[in-house]
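> no sequence for this one, just the structure:
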């Protein structure tokens, strides 16, 4: 069982920066592919970014590519989402997710086994 706790959400001005963190419980964090998803107001949840468990390859939604960066610190059991130059349309509840040794389908919600409770990010324009 893996428990995920997001933090770092809040209000940020468009063009600023914000870093989300997701702390995971357990001793096998390095064996989990980690993903970030978000749910904008009135919309369905969507993929944002993922970092593979082996090799650390990263994947991004087109809408955030070049602005957001996902990274992980296996020693701290934590995955991060650095949000640079956020836009009003990035306003959403952001969720962290984990999948054991996931190697493909990282953009699909159904690929993930564990989810955090979410953290609100509001971008003011």
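Yes, it's here. If you're wondering where the values come from, they're calculated on a predicted model, not measured in any experiment.
> residue contacts, the most centrally placed residue in the chain?
Centroid check for the chain by CA atoms, centre = their mean gives residue 36 as the closest residue, at 2.2 Å. Residues near residue 36 by CB atoms under 8 Å, 6 or more residues apart in numbering: 20, 22, 48-50, 70, 79, 81, 94-97. Just so you know, the C-beta spots here come from the backbone N, C-alpha and C atoms, and that holds for glycine as well.
> who's in contact with stretch 83-94?
For stretch 83-94, contacts defined as CB under 8 Å, 6+ apart pick out 6, 9, 12, 14-20, 36-41, 48, 63-64, 67-69, 81, 118-125.
> ok, of these, which come out buried?
The neighbour count (16 or more other CB atoms under 10 Å) marks 6, 9, 12, 18, 20, 36-38, 48, 64, 68-69, 81, 118-119, 121-123 as buried among the contacts of stretch 83-94.
> re the thing from before, list the contacts of the closest residue to the residue nearest to the centre of the chain other than its chain neighbours.
Using CB to CB, 6 or more residues apart in numbering and skipping residues adjacent in sequence, the residue nearest residue 36 is residue 48, 4.3 Å away. Contacts for residue 48 (CB under 8 Å, 6+ apart) come out as 35-38, 60-61, 64, 68, 81, 94.
> what distance do you get for residue 48 to residue 97?
In this view, residue 48 and residue 97 are 10 Å apart by CB to CB, to the nearest Å.
> ok, now residue 41?
Plainly put, residue 41 is 20 Å away from residue 97 if you go by CB to CB.
> residue 12 now?
According to CB to CB, residue 12 stands 22 Å off from residue 97.
> what about the residue nearest to the centre of the chain, distance to residue 27?
Using CB to CB, we find residue 36 at a distance of 22 Å from residue 27.
> hang on, the earlier thing: tell me which helix or strand comes right after the particular helix or strand that has the residue nearest to the centre of the chain in it.
Assigned by DSSP states H and E, residue 36 falls within strand 32-39. Where DSSP H and E defines the elements, the next helix or strand beyond strand 32-39 is strand 46-51.
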